[in-house]
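Asker: just need the structure, nothing else, for what follows:
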Amino acid sequence: MIRLRRPKSDDESIWLIIQSELLPRSHLTWDPEQVHKELPKRLKGITYVATNQIHQTVGFVHLLVQHQTLVIDMLAVSRQAQSKGYGRQLLSRAEHYGRKHRCVMSRMLVDYGNREAERFYERNGYRLTRYVPEVICHEMEKTLSPYKEA
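Answerer: As a prediction, this is how the structure comes out:
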């Protein structure tokens with residue numbers, strides 16, 4: 001199930017996913033204590049979580065809208081829940097949000113060398129656009145089709 005984040009019950013699970021799946025892939029130096037402390041501020045805006053059958057948070061996506069662009073700030077799924085469709089569902093929910101808010105493009109940064117994530121995004125219609133040396137990441141983007149009411 002995909003739902004909006006509930007800070008009091010979800011943030012510790014989100015932190016564990018960031019700690020195990022995102023920080024180790026980054027080429028930048030992070031102080032884990034500082035990242036953990038600043039997490040509630042960082043997650044201001046829209047965050048969706050994926051939960052499994054027993055309602056445990058197994059993944060999340062944090063997004064922003066800037067100038068008709070959906071910016072996917074973070075998307076991660078716990079190792080044990082990967083390859084079960086949670087990432088695709090989170091990405092789809094994020095893109096739906098972007099279309100609904102008149103975004104024409106979706107964009108994110110992927111840590112350099114994270115070919116697994118790049119392949120995931122490529123399978124979902126994204127393409128590499130450039131290397132961003134300041135953060136040691138590849139930028140990926142996708143054109144979003146207009147929103148249609150169901």
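
Asker: which of the residues in stretch 62-72 are buried?
Answerer: For stretch 62-72, a neighbour-count test (16 or more other CB atoms under 10 Å) marks His62, Leu63, Val65, Leu70, Val71, Ile72 as buried. All C-beta spots, glycine's among them, are computed from the backbone N, C-alpha and C.

Asker: endpoints of it, how far apart?
Answerer: Separation of the first and last residues of stretch 62-72 by CA to CA, to the nearest Å is 6 Å.

Asker: which outside residues touch it?
Answerer: The contact list for stretch 62-72 (CB atoms under 8 Å, 6 or more residues apart in numbering) reads 42-43, 45-48, 61, 73-75, 91, 94-95, 97-98, 101-108, 144.

Asker: now, of those residues, which are buried?
Answerer: Buried among these by 16+ other CB under 10 Å: 43, 46-48, 61, 73-75, 91, 94-95, 97-98, 103, 106-108, 144.

Asker: before we move on, back to that, inside strands: which ones of the buried residues of stretch 62-72?
Answerer: Judged by DSSP state E, the buried residues of stretch 62-72 include His62, Leu63, Val65, Leu70, Val71, Ile72 as members of strands.

Asker: three-state assignment of the residue nearest to the last one when sequence neighbours are not counted?
Answerer: To tie it back to what came earlier, the one meant is Ile72. Leaving out its chain neighbours, the residue that sits closest to Ile72 by CB to CB, 6 or more residues apart in numbering is Met108, at 3.9 Å. Under DSSP: H, G, I helix; E, B strand; the rest coil, the three-state class of Met108 is strand.

Asker: which residues sit in contact with Met108?
Answerer: Contact analysis of Met108 by CB under 8 Å, 6+ apart lists Val71, Ile72, Asp73, Leu75, Tyr121, Tyr126, Glu139, Met140, Glu141.
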